[in-house]
Structures are given as C-alpha cells and as structure tokens.
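Trainee: Dropping the sequence and predicted coords here.
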Amino acid sequence: MLDLRFVRAHPEVVAEALRKRGSEISLEPFLELDRKWREKLAAADQLKNRRNVVSEEIGRRKKAGEEAEELVREMREVSARIKELDEEIRDLEEQIQMALLQIPNIPHESVPVGRDSSDNVEVRRWGEPRKFDFPPRPHWEIGEALDIIDFERGAKVAGARFSFYKGAGARLERALINFMLDLHVKHGYVEVFPPFIVNADSMVGTGQLPKFAEDMFKLEGRSYYLIPTAEVPVTNLYREEIIPAARLPIYHCAYSACFRAEAGAAGRETRGLIRQHQFNKVELVKFTRPETSYEELEKLTADAERVLQLLGLPYRVVCLCTGDLGFAAAKTYDLEVWLPSYGEYKEISSCSNFEDYQARRANIRFKEPGGRPRFVHTLNGSGLAVGRTVAAILENYQQEDGSVVIPEVLVPYMGGQERIEPVK
RNA sequence: GGAGAGAUGGCCGAGUGGAUGAAGGCGCUCGACUCGAAAUCGAGUAGGCAGCCAAAAGCUGCCUCGUGGGUUCGAAUCCCACUCUCUCCGCCA
C-alpha cells in the first residue's frame, strides 16, 4: 500500500499514477476521511492528556487523605467521551485502511505509459525460433502421444485444468525443479521450502487480499488460503520484522506448487499446460535497500533468463506498460518463451520490483545501527514456471519421429536419459 | 483431541491498581583510562501516530508489556474471549 502521508501530501501524484494505470478510483472521499480522522484524533488526544494529568492528581490527593470526589466525577464524563471518540476514530481508520488497500502501486518513471498488453515494450530477444521441416505439434498432443501427460484422467480425478504427469514426464517436471533450484542457489539465492497454505494476513501482506479474493482457493470454514505463488509465503517470511541492514540484500529461491482459481479465465487456454489450477514454480524473492532495488531487478531478471538460455529456449523480454502492470508492482519485466504451437512468445516468468508497497503492507523494515527503521524493497520473479517450461521443451525439442530430445543441461537430472521416445 | 503451564524491551528477567516504555543483568554504541587490548568507570540504547515545520532536526501530546474487549478517575498488574508457545497423554507421516 502507499504511504498515507504521501497520499495526503501529494494527491496529484497519486491521481496521475492512477490515471496512467487506467484506474477509476477517486481520491477525494479518501482525503475527506483523512481530514476527519485527524480532527477526531486531536480531540481525543487532548482529552486523554487531561485524563492522565487529573488521574495523577486524584492519586496524589487520595494518598494525602484529601477529597477528590469532584475530580472523579469529572473524569467519569471525560472517559465516556473518550470512549465515544475512540470508536469513531477506529471506524474512520478502518475505512481509510480499506481505501488505502484498494490503491495500486505507483508505476516507476521508466515504465512505458500504455493501455494494455499491446502497449508493452520489447526490451530484447534471445535465440532464434527453430524452423521446422515438418508440421510441429502442440505440447498437449506430444505429451499424450508420448504418454507422459494425462489431461483426461486429471479432469476425471480432480477436474478441468488439472493433469497428471507420468513416467519421463513426471521425471522431467522434477528434473526442471531441481535444475532451477540448483542454478539459483549457485546464483546466491538461499533455498526455502515454504508452506503451501497461508493465513489471510500473509495474503494482505503481498497484495492478493482484499482485492483479489476470487482468484484464490480458500479452505472451507477457515481463513486459510492455498498459495497462488511462493512469493506469498516467502515475502511474508519477514513480516512484522526489522532486519539488520548488514543482512541485506536477502535472496531466496523456493519451489512450490501454485494454486489459482482462474476465475474469469473460462474458455481461455483450456488445452494443455498453459493455464492450470495447480502448477509448479520456482520463485525468486529479494529483500533490498531502496537505493539498489532497480539494479537488483535487472539482476533478478537476468537470473531468470539464464534458465531459458541454459535450456536453449528462445525468448524475449518485455517491459509491461502502465495499463498492464500488476496491482502491487512498480515495474515488471515479463519473460516470454517461444511456443511453436502458438506461433508467438508466451509468458513464462514475471519479474517485478514492488518497491516498498508490499513492505509497508507487511511491515518489513530494516535498520542501520543507530538509524531509524525504513521499509525494505521487495522483488520477485519466476525462475521459472515449470509447467510452461515443460510445454516449451516438448514443442521446441520435438523431432519428426515424435520423440523429444532432452536439453543437455537436464540429462544428468534425467538419469542420463537423452530423449523421450514414443511408446510402442 | 484431553490435561496443565506460560506470553514483559535485541536477549534474560523483576514487577498484582497511582511518577515513568517498565527495576536489575547481559548484549550493543559512544566516551574516559591504556602503547594497544582486557578489566574498570561514565553516558546512551524500542516502535507507531498526530500537531508545530516546505523538509530534516527538534519540541509537545497520544498509543503500545501476545491480540481484542471489559471493570476503574486511573490497568503490565483485576475480569472475559482469542491467538501462539511449552510439558504430559492420545493419534499420526
């Protein structure tokens, strides 16, 4: 969330940011609430001061055996009035907090202004899409033909948008997870294995709640949620903490299953591994000083790109425009991998700098010895989404005879297997 | 799931209604002493909000002893609920 004092002092800056994002939110009611809140707060504080001073006096008199009944009577009234004011203040605070949680982050100045994904700006490309001398097949056909992915039984056992991996497919999924984690540990990230279920406070901390509740799976009768990404538990690791400055920057990588309700995605990408209710992902998360977060974003993006380079998968990097930027992000690079079946580049990673937006929500701070606590900057990025990586490998490495060649770096993780052959 | 115990500052720990974010100790920071260090001595050492201020610094006030509520002129201290931790039993991968 944004700093209340910043919104109060620079409403025009916030309004401009909202406009660039294409948001309709008006700040006026919010500013009015804030004015009322400060007024009531000043009144209540004044009365509390009076109560503190007089109560002390009452104590002194009673100890001295003097009369204090008149003061006690006055304080009874003062206390009652304070209680009323406190209730009004609490009510206003709740409304302000709710309003503040609905305001998205301010885009960084380097983010291109635009309406939607068509205005995103390509930053660079890596690799050449392969020229096929036979008609390439989509990954779901390859997966079924090789008997390594089973969508039908996934639907039977769980439902639409669920699948089974089998045999070399299951091993490929596991190989990718291990390969990515090992690579990022080499990049300096400390591996974390997080809970896949978190509480509501954590979801508020990273920005999924209160606005995007319908995108998530919630456990019935409890305020527990299945995580939509490891970003949630890993960023919330340091919620409500003050980190010694010397420990920054902190780098974590984490494997997790990810669960998404995909509300509103009905009919979109219903085939294949691209949009599932459950998928695996290796996530990168950073906690940095505010001064270095944009350098760190470039490095984090490069770390995610390295996975695609080592796998030999052609990709491009795009900078999301203001209209396409996620709610909590100040700047985002998407990595898009080449998918022959789509004939285009498809998102496989999203690397974002949230600046202090999540840190303020989650109250994650750092402190220099002798200094005041300040909010850290948080960043994260997929490194990578595993299901989409499997899809990209199957499609880009498919052979005319129906087999799929295993990228060289994965062969050791596949127990030496170099190729997945069709079953007889 | 059953029974019991507990939650105080960076850490340990005192504190059962009236000066006080809170004795004492440890740790840490700065200073003195020393050629230097140790020891010793001295000073300091939580966070949040509002107001004054362009801002910072500073000053004033309010709030915070797990969380929320209650009693009271006044609560770390009394009452209630919740959360979490620990011990024993049961169950379990």
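Mentor: Good, I have the coordinates. Numbering: from 1, shown residues only, chains lettered A, B, ... in the order given.
Trainee: where's A:E94, which helix or strand?
Mentor: Taking DSSP states H and E as the definition, one finds A:E94 inside helix A:69-101.
Trainee: Sheet partners, orientation included, of the next helix or strand after that helix?
Mentor: Following helix A:69-101 in sequence order, the next helix or strand is strand A:121-126 (DSSP H and E). In the sheet, strand A:121-126 lines up against strand A:315-319 (antiparallel) (DSSP bridges).
Trainee: anything in the helix holding A:E94 near RNA strand B?
Mentor: Yes: using CB under 7 Å from any atom of the strand, helix A:69-101 reaches RNA strand B at A:V72, A:M75, A:R76, A:V78, A:S79, A:K83, A:R90. Placement of C-beta: from N, CA and C, glycine included.
Trainee: Neighbour count says what about those residues? Which are buried?
Mentor: Those of these that meet the buried threshold are A:M75, A:V78, by 16 or more other CB atoms under 10 Å.
Trainee: Which single one of the residues of helix A:69-101 next to RNA strand B is nearest to A:F162?
Mentor: Among the residues of helix A:69-101 next to RNA strand B, A:R90 lies closest to A:F162 (CB to CB), at 44.1 Å.
Trainee: Now do the same contact list for that closest one.
Mentor: For A:R90, no residue meets the contact criterion (CB atoms under 8 Å, 6 or more residues apart in numbering).
Trainee: So for it, what's the pLDDT?
Mentor: Per-residue confidence (pLDDT) for A:R90: 88.
Trainee: right, and A:R374 touches A:R360 too?
Mentor: No: between A:R374 and A:R360 there is no contact under CB atoms under 8 Å: 10.6 Å.
Trainee: higher neighbour count, those two?
Mentor: Neighbour totals were compared for A:R374 and A:R360, and A:R360 leads with 19 against 16 (other CB atoms under 10 Å).
Trainee: May I have the beta-bridge partners of the residue in the stretch 101-250 of chain A that RNA strand B sits nearest to?
Mentor: Closest to RNA strand B within the stretch 101-250 of chain A is A:I242: 6.8 Å, counting by CB to the nearest atom of the strand. Using DSSP bridges, the beta-bridge partners of A:I242 come out as A:R365.
Trainee: ok, now how distant is it from A:N363?
Mentor: A:I242 sits 9 Å away from A:N363, taking CB to CB, to the nearest Å as the criterion.
Trainee: can you check A:V78 too?
Mentor: Between A:V78 and A:N363 the computed distance is 33 Å (CB to CB).
Trainee: so where do the strands sit in the stretch 151-300 of chain A?
Mentor: Secondary structure of the stretch 151-300 of chain A (DSSP state E, counting those that start in this stretch): strands located at A:164-165, A:190-192, A:197-199, A:224-226, A:241-244, A:250-259, A:278-288.
Trainee: Now tell me which of those the model trusts least on average.
Mentor: Note on the strands of the stretch 151-300 of chain A: lowest mean pLDDT is at strand A:241-244, with a mean of 83.
Trainee: buried residues in that one?
Mentor: Using 16+ other CB under 10 Å as the test for burial, strand A:241-244 gives A:I243.
Trainee: So which elements touch it?
Mentor: Contacts defined by 3 or more CB pairs under 8 Å, 6 or more residues apart in numbering; DSSP states H and E place strand A:241-244 against strand A:364-367.
Trainee: Contacts made by the strand it packs on with the rest, please.
Mentor: By CB under 8 Å, 6+ apart, the list of residues contacting strand A:364-367 reads A:235, A:238-245, A:247-248, A:287, A:289, A:358-359, A:373-376, A:378.
Trainee: same thing but at 6 Å, please
Mentor: Identification of contacts with strand A:364-367 by CB atoms under 6 Å, 6 or more residues apart in numbering yields A:Y238, A:I242, A:I243, A:A245, A:L248, A:P373, A:F375, A:V376.
Trainee: Got the phi and psi for the closest residue to RNA strand B within the stretch 251-400 of chain A?
Mentor: Taking CB to the nearest atom of the strand, RNA strand B has its nearest neighbour within the stretch 251-400 of chain A at A:P373, 4.7 Å off. Note on A:P373: its backbone torsions stand at phi -70, psi 140 [degrees, to the nearest 10].
Trainee: Surely it touches A:I242?
Mentor: Yes: using CB atoms under 6 Å, A:P373 is in contact with A:I242, at 5.1 Å.
Trainee: Any stretches of chain A with poor pLDDT?
Mentor: Counting by pLDDT under 70, chain A has low-confidence residues at A:370, A:424.
Trainee: Around RNA strand B, which positions in it sit nearby?
Mentor: Residues of chain A lying close to RNA strand B (CB under 7 Å from any atom of the strand) are A:4-5, A:9, A:38, A:41-42, A:44-46, A:48-49, A:51-56, A:58-59, A:62, A:72, A:75-76, A:78-79, A:83, A:90, A:242, A:365, A:367, A:369-370, A:372-373.
Trainee: Can you flag the buried ones in the residues you listed?
Mentor: Buried subset of the residues of chain A next to RNA strand B (neighbour count, 16+ other CB under 10 Å): A:L4, A:L41, A:A44, A:R51, A:V54, A:I58, A:M75, A:V78, A:R365.
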